[in-house]
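[1] compute the structure for the input listed below.
(2 chains)
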Protein chains: 2
Amino acid sequence: MRTCYTGLVSSEHLGQIVTLFGWVHRRRDHGGVIFIDLRDREGLAQVVVDPDRAETFKIAEGLRNEFCISIKGLVRARPAGTTNAGLKSGEIEILAHEIEVLNASVTPPFQLDDDNLSETTRLTHRVLDLRRPQMQNNMKLRYRVSIEVRKYLDSLGFIDIETPMLTKSTPEGARDYLVPSRVNAGEFFALPQSPQLFKQLLMVSGFDRYYQIVKCFRDEDLRADRQPEFTQIDCETSFLTEQQIRDIFEAMIRHVFKTVQNVDLEEPFPVMPWSEAMHRFGSDKPDLRVKLEFTDVTDVVKDVDFKVFASAANAEGGRVVALRVPGGAAMPRSEIDAYTQFTAIYGAKGLAYIKVNEIAKGVEGLQSPIVKNIHAAALTEILTRSGAQDGDILFFGADKAKVVNDAIGALRIKIGHSEFGKKQGLSETGWKPLWVVDFPMFEYDEEAQRYTAAHHPFTSPKDGHEDFLTTNPGQALAKAYDMVLNGWEIGGGSVRIHREEVQSKVFRALKIEAEEAQEKFGFLLDALQYGAPPHGGIAFGLDRIVTMMTGAESIRDVIAFPKTQRAQCLLTQAPSPVDEKQLRELHIRLRNVETKPAA
Amino acid sequence: MRTCYTGLVSSEHLGQIVTLFGWVHRRRDHGGVIFIDLRDREGLAQVVVDPDRAETFKIAEGLRNEFCISIKGLVRARPAGTTNAGLKSGEIEILAHEIEVLNASVTPPFQLDDDNLSETTRLTHRVLDLRRPQMQNNMKLRYRVSIEVRKYLDSLGFIDIETPMLTKSTPEGARDYLVPSRVNAGEFFALPQSPQLFKQLLMVSGFDRYYQIVKCFRDEDLRADRQPEFTQIDCETSFLTEQQIRDIFEAMIRHVFKTVQNVDLEEPFPVMPWSEAMHRFGSDKPDLRVKLEFTDVTDVVKDVDFKVFASAANAEGGRVVALRVPGGAAMPRSEIDAYTQFTAIYGAKGLAYIKVNEIAKGVEGLQSPIVKNIHAAALTEILTRSGAQDGDILFFGADKAKVVNDAIGALRIKIGHSEFGKKQGLSETGWKPLWVVDFPMFEYDEEAQRYTAAHHPFTSPKDGHEDFLTTNPGQALAKAYDMVLNGWEIGGGSVRIHREEVQSKVFRALKIEAEEAQEKFGFLLDALQYGAPPHGGIAFGLDRIVTMMTGAESIRDVIAFPKTQRAQCLLTQAPSPVDEKQLRELHIRLRNVETKPAA
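    Okay, here's the model as predicted:
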């Protein structure tokens, strides 16, 4: 057995004979001596092979990168001037007495320390890619997060209860992955999009505190930060208020950051109503590292000559905002043009601006293509309200509220984190958590001409908002909350409806007929009739949290065997064609593909 | 917030005003006073409501079973003679000051303490069924097992790494559950039967110690102790010998039994070669609580007149055994008949026996339909070898070895655990663990005329047995091991093949062509070329371990939302038909079912 992990040999072992296992990370021949950087999951150690041990030296000469070996040798101090402070083993080296090749390696298709590999290469050779120290660290950190979550929840009496993977298809929300049933011909299971209903049922069953770190599935077109299967930290509790629930899970995230990263997140997290977040940042997940804010000027520009502003300000659902960027008057035209193109991605038709050169000079002190079409009173109000100072630039968004929020919200982040923004102190580093609360119950879907659930249809309305469900659903706020960190939503949850009559009202507001509700959610409605307790919970995206904590570029860097954006596994070549016999057993056939008739 | 769980109020709280949440388990009106047994996940407490608190009393009068309520009241000692030693709260009661109905309940379809419910009723109303204290305890114990496994493995440096649920179909072994791909028309993912190959790849990647408590899937016809989705404690390590691996996981199970049940399992577990287990017990998972053993008499009866014995003894692959049951001569004919019928289930064509009344009298002292056809020398040898004593009965199995082993092996267990067996001391209670080792590499499949893997094709041959892979596969033993407890296989594992050339030899022994091996397992063969470390592991069946520990009758009693034997969820009605649109998106159609043409 080994003495310890290779990466953990240190001055503690000076003078000892140790046995180590690992991989040849690099071999150098220098001055008639062979140096081997031996690697395992905990790091590197330097092995020295002297020619006076002829047999061992001969073996060492045959070593190539990625050979798996065991070595036995003496731990001694490195010669002065050759220590490596970057390694735990940096002060010592191991003088090899014996080396055994446990398994040779053919030449790897790439160098492990090559940082310019294509993702296709990395995913095709994932087994080697995972040997890279960064990937080893990502997976280890992911594990630390999950085990610390478990320790924390265990200490509070939460219990992990497994919910089914083969469950019922409910064609609400995202697209389901389906699994044909062999025993029940013509019927299908669905892989769960989340254990939402099961965890609510567990509360009705009286388990009181539940958690699960669980795979969920959505068959959606994949964006950079999505995977067909993803992992959720899924939690639910009974008998607690919204505030009590948030406190528990805020403390959980604080515990994880402290134990895994030794980071103290601020206490308590700030709490912001959804309406305020949209008003000030145009986003329900504002990145508070960026200090820029919107100034709403919709009411100010209704009567200006500049048509873009006036028509947006007068349109139903229109919005006009200014984004003040301190020191931005110095921006060259090329940078403004780049931002104009950037906001176009989000649907903005242009990017009006005012450079504030010298306020004291009035309109003469402003540099802008639009000021001539904005009357003085409006200009003054814009400058006052935004707090503009000499040297600032104001960018404007004027359109439907959604376009303005998306475009100027993205611009806010872009400028804040730009080189310019950092230099001007417009953003800070570190972690900025936030609770966003008081979400609307419903969003109006113009196309379908009906309300849809903003969170999900099991979310409780706020106290006093129950009547709105029938009188004015658009006005109803929900006991829903998102945890936001640096502009990412890392968790979302709500107090649930625990009374059948309220649940039925919500289904009616969503225009889900009683019969349809019964067919899809009958088992929930049924359960709510038997003394369901008040309950609520939250779900965190583990992949996303770990991506943020590791600083990985992609969620795929924190998943051992991820899928590509075409939902393929390049390592195993899944998905793949299957035998006709398998299809026959499942009572299905392919469309537009010749299949043999059933036997 | 509550003071504590209802089931945990105790004398500690005497004189305190407490707030409790829970469900009305039972309400009794006695002497003008109302008694409520209030229940939560931790147990029951007695609440007393006096009529002098008129408002509270009125609420209490309206309470029915399963109402969800909160109560506030004074903890006081129960009157002398009314304490209940069976409850943690048994010495106290709570005098209710205030009661709030959090949610009413309609009348439940059954009483929670009714022990004679059909499984259909229980699974249809699973949410209420899970409120039963036994089910609450089962789920809590299941959780304790899993968290103690995690704590133990974490302490040894194992890390939990998630492997994919959407993976590649490999139509070896059991039938896969398939998931049609939308993005890749005509192709399918498979749900994993186990993460076997991925955990081996993680070892090749250098993660050194891996575990996962993970859902696995097999689309097999369901027996009483199988589910389509089941949970595996899946582990793998590098650089350890078979003995070292077994030591780690033996200690894990010992840790779990100690921490969860306060049971000390014997240390170390006995270790038995597979051949010995088959020889002595006719089983590779012998129940060592039963003290009966086989006596092999195949060589003794080759020349007796009794055809059943002689022909089995002379046939290739035939076996004749005696099972000596001390004190069994007293068995009435009816009991022997019942055992005869029982062994017929396992394919035995009859159940020969000899009652040993008085050995000293020779053949006259034996009572049996068959002794007249067995010559004296053979009879003497049978009695001597089996150690028969006056008052014993010998049962015989004579057939193909598999039939004998199955039938007499089952009879051994049946008699050992029968009332008779217990009275005679033929079995003991408690826990009898065992390692079965040195399994054969291969089994010969008569039908397919080829060898199949006894464990799986990635199992390493024992040292010195590698040559048998080419010369005589039937003789090759494997570094495979099963952990057996009370006659159940609770875990199984092996040292894996870590060298590509050995893996290729095994594929050849299995008549898997190079091309086929490459197509199915190419990514493994590829990975083995890059310095794969020696590695091995084990997988435990969590459902089965918990079923044993709880003494549950069925594996379904330790799974929150199980499937029936027809693979259905009676609660949610999964599987179910899906929309034509969903099928179209997945490029499949139903067989023998009218579907609309694709749009």
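[2] now do the SS call for A:Val256.
    When the structure is split into helix, strand and coil by DSSP: H, G, I helix; E, B strand; the rest coil, A:Val256 lands in helix.
[3] which ones are touching the nearest residue to it once chain neighbours are set aside?
    The spatial neighbour of A:Val256 that comes closest, neighbours along the chain excluded (CB to CB, 6 or more residues apart in numbering or on different chains), is A:Glu148 at 5.0 Å. C-betas here are computed from N, CA, C, even on glycine. Going by CB atoms under 8 Å, 6 or more residues apart in numbering or on different chains, A:Glu148 touches A:255-256, A:259-260.
[4] show me what from the stretch 401-550 of chain A comes close to chain B.
    By CB under 8 Å from any CB of the partner chain, the part of the stretch 401-550 of chain A that sits against chain B consists of A:498-499, A:523, A:526-534.
[5] mind running it again at 10 Å?
    Those residues of the stretch 401-550 of chain A that sit near chain B, judged by CB under 10 Å from any CB of the partner chain, are A:498-500, A:519-524, A:526-534, A:542-543.
[6] and for the one residue in the stretch 401-550 of chain A that gets nearest to chain B, the neighbour number?
    In the stretch 401-550 of chain A, the residue that lies nearest chain B is A:Gly531 (3.7 Å; CB to the nearest CB). Counted with other CB atoms under 10 Å in any protein chain shown, the neighbours of A:Gly531 add up to 27.
[7] for it, phi and psi?
    Summarising the backbone geometry of A:Gly531 under the convention degrees, to the nearest 10, its torsions are phi 70, psi 50.
[8] how close does it get to B:Ala539?
    Look at A:Gly531 and B:Ala539: by CB to CB, to the nearest Å, they are 40 Å apart.
[9] try A:Ile345
    Taking CB to CB as the criterion, A:Ile345 is separated from B:Ala539 by 49 Å.
[10] quick one: which of these two has more around it?
    When neighbours are counted by other CB under 10 Å, B:Ala539 comes out ahead of the other of A:Ile345 and B:Ala539, with 22 against 10.
[11] mind checking the SS state of the more buried one?
    Following three-state DSSP, the label given to B:Ala539 is strand.
[12] contacts only, for it.
    With contacts taken as CB atoms under 10 Å, 6 or more residues apart in numbering or on different chains, B:Ala539 has the following neighbours: B:194-196, B:199, B:211-212, B:214, B:216, B:232-236, B:249, B:491-493.
[13] same question for A:Lys72.
    A:Lys72 makes contacts with A:2-3, A:17-20, A:56, A:94, A:96-100, as judged by CB under 10 Å, 6+ apart.
[14] so which of those reach chain B?
    A:2, A:19-20.
[15] lowest pLDDT pick from those?
    Going through these one by one, the lowest pLDDT turns up at A:Arg2, 95.
[16] could you count how many residues lie near that one?
    Burial of A:Arg2, expressed as a neighbour count using other CB under 10 Å, amounts to 18.
[17] just to check, it is in contact with A:Ala45?
    No. Contact between A:Arg2 and A:Ala45 fails when scored by CB atoms under 10 Å: they sit 11.5 Å apart.
[18] pull up the overlap in contacts between those two.
    Here A:Arg2 and A:Ala45 share the contacting residues A:9, A:18, A:20, A:22, A:71, scored by CB under 10 Å, 6+ apart.
[19] neighbours of the last one, how many?
    Spelled out, that is A:Ile71. By other CB under 10 Å, the residues close to A:Ile71 number 26.
[20] correct me, but it touches A:Ala45?
    Yes. The pair formed by A:Ile71 and A:Ala45 meets the contact definition of CB under 10 Å, at 9.3 Å.
[21] overlap in contacts, these two.
    When CB under 10 Å, 6+ apart defines a contact, the residues bordering A:Ile71 and A:Ala45 alike are A:6, A:18, A:20, A:22, A:36, A:38, A:94.
[22] which of the residues you listed ranks first by neighbour count?
    Counting neighbours by other CB under 10 Å, A:Gly22 leads the shared contacts of A:Ile71 and A:Ala45 with 31 neighbours.
[23] shouldn't it be within a helix?
    No. The assignment for A:Gly22 is strand, going by three-state DSSP, so no helix is present there.
[24] quick one: low-confidence parts of the stretch 101-250 of chain A?
    A:171-172, A:224 (pLDDT under 70).
[25] 80 instead?
    Judged against pLDDT under 80, the low-scoring parts of the stretch 101-250 of chain A cover residues A:170-173, A:222-225.
[26] so where do the helices sit in it?
    For the stretch 101-250 of chain A, the helices defined by DSSP state H, counting those that start in this stretch occupy A:119-124, A:126-129, A:133-155, A:196-204, A:242-261.
[27] winner for burial among these?
    Ranked by mean neighbour count under mean count of other CB atoms under 10 Å in any protein chain shown, those are led by helix A:196-204, which reaches a mean of 25.
[28] any idea how far that one is from the chain center?
    In terms of CA atoms, centre = their mean, to the nearest Å, the centre of helix A:196-204 is found 25 Å from the chain centre.
[29] now swap in stretch A:434-448 and tell me
    The chain centroid and the centroid of stretch A:434-448 are separated by 21 Å under CA atoms, centre = their mean.
[30] number of nearby residues for A:Thr470?
    Considering only other CB under 10 Å, A:Thr470 is surrounded by 11 other residues.
[31] how many other residues sit next to the residue lying closest to A:His587 once chain neighbours are set aside?
    Excluding the flanking residues, the one nearest A:His587 by CB to CB, 6+ apart is A:Ala185, at 4.4 Å. Residues within reach of A:Ala185, counting by other CB under 10 Å, total 16.
[32] A:Ala185 and B:Leu590, how far apart?
    Taken as CB to CB, the spacing of A:Ala185 relative to B:Leu590 amounts to 8 Å.
[33] which residues do these two both contact?
    Between them, A:Ala185 and B:Leu590 share these contacting residues under CB under 10 Å, 6+ apart: A:586-588.
[34] buried sites along stretch A:33-46?
    Across stretch A:33-46, burial judged by 16 or more other CB atoms under 10 Å in any protein chain shown covers A:34-46.
[35] quick one: average pLDDT of it?
    This predicted structure assigns stretch A:33-46 an average pLDDT of 97.
[36] do it and chain B meet?
    Yes. Stretch A:33-46 is in contact with chain B by CB under 10 Å from any CB, via A:39-42.
[37] where strands are concerned, which of those residues count?
    When strands are assigned by DSSP state E, the members of the residues of stretch A:33-46 next to chain B inside them are A:39-40.
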